[in-house]
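Undergrad: need the 3D shape of this:
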Amino acid sequence: MLSHLNPPQREAAKYWTPLVLAGAGMLLEGFMAQQDLPVLAHLRNTQNYVNAAFESKSLFDLPPHIVERDVEQWQGLTDWLMA
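TA: A predicted model of the protein is given here:
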């Protein structure tokens, strides 16, 4: 994804990419509020999703001690789905 950038640009991208994503999240939340849609969960940016996908697994298939914090963030969404 960043291979077209030179090394200093790649280093800088590590810092501004999360800011861009955070801005997109705020735009999405604003849109959802305008549409009167609830935000069911906020999921943190974690390497656990990448690791799970690499192993062709879901987050819930990984060892609980590794993904405990992430699974907690899914609780509101899973509760809503089960209701």
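Undergrad: count of residues packed around Ala52?
TA: When neighbours are counted by other C-beta atoms under 10 Å, Ala52 registers 19. All C-beta atoms are positioned from the backbone trio N, CA, C, and that covers glycine.
Undergrad: any idea which element it lies in?
TA: helix 48-54 (DSSP states H and E).
Undergrad: show the pLDDT at the residue nearest to the spatial centre of the chain.
TA: For the chain, Asn45 is the residue whose C-alpha lies nearest the centre (C-alpha atoms, centre = their mean; 4.2 Å). Asn45 carries a pLDDT value of 83.
Undergrad: name the element it belongs to?
TA: Residue-wise, Asn45 maps onto no helix or strand under DSSP H and E.
Undergrad: state the distance from it to Gly25.
TA: 10 Å (C-beta to C-beta, to the nearest Å).
Undergrad: and for Leu40?
TA: 14 Å.
Undergrad: ok, Gly76 next?
TA: 16 Å.
Undergrad: helix, strand or coil for the closest residue in space to Leu43 that isn't next to it in sequence?
TA: Distances taken as C-beta to C-beta, 6 or more residues apart in numbering put Gln73 closest to Leu43, at 5.3 Å, once the chain neighbours are dropped. Under DSSP: H, G, I helix; E, B strand; the rest coil, the three-state class of Gln73 is helix.
Undergrad: break this protein into its domains for me.
TA: 1-39, 40-83 (automatic domain parsing).
Undergrad: which of those domains sits most buried?
TA: domain 40-83 (a mean of 12; mean count of other C-beta atoms under 10 Å).
Undergrad: how long is it from one end to the other?
TA: 13 Å (C-alpha to C-alpha, to the nearest Å).
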